[in-house]
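Visitor: Next come a sequence and a model predicted from it.
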Amino acid sequence: MSNKNIKKTERRTKIRKRIRSTIKGTSDRPRLSIFKSNKYTYLQLVDDLAGATIAAYKTDTGVENAKEAGSELAKLAQDKGINKVVFDRSGYKYHGIVKAAADGARDGGLDF
């Protein structure tokens, strides 16, 4: 890995730790976490107190796919009786895929 990629990863790790020190997901209001790889976008609803994943959805990388993934995850959450979540952008900037996933989840009926 190049020095530039290591610095990006370290930056995101610091931001992620800072965010997760204040944001906690519960069974009533889980944490909506996003992870982007080069090939896929992963969305999860996490109950941090129980240490369990409530629902998860994976899709190919892309803004349109991320928006669809957000709305599909919202449907899964509502089937389990969850309407409110805490959004965790995982150190990514709030634009592009992250923003599309959040907008899709809001359009699907999740409140955050």
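Guide: Here it is on my side, so go on.

Visitor: Could you check how far stretch 22-41 is from the centre of its chain?
Guide: Distance of stretch 22-41 from its chain centroid, counting by CA atoms, centre = their mean, to the nearest Å, is 3 Å.

Visitor: And for stretch 63-75?
Guide: The answer for stretch 63-75 is 11 Å, by CA atoms, centre = their mean.

Visitor: what sits against residue 57?
Guide: Counting by CB atoms under 8 Å, 6 or more residues apart in numbering, residue 57 makes contact with 42, 43, 44, 69, 72, 73, 76. Quick note: C-beta positions are derived from backbone N, CA and C, even for glycine.

Visitor: ok, now which ones touch residue 103?
Guide: Residues in contact with residue 103, defined by CB under 8 Å, 6+ apart, are 67, 70.

Visitor: So residue 43: helix, strand or coil?
Guide: strand (DSSP: H, G, I helix; E, B strand; the rest coil).

Visitor: was I right about it contacting residue 56?
Guide: Yes. The criterion here is CB atoms under 8 Å, and residue 43 meets it with residue 56 at 6.8 Å.

Visitor: Of the two, which one has the most company?
Guide: The residue with more neighbours, out of residue 43 and residue 56, is residue 43; 24 against 13, by other CB atoms under 10 Å.

Visitor: where's the more buried one relative to residue 7, distance?
Guide: Taking CB to CB, to the nearest Å as the measure, residue 43 falls 26 Å from residue 7.
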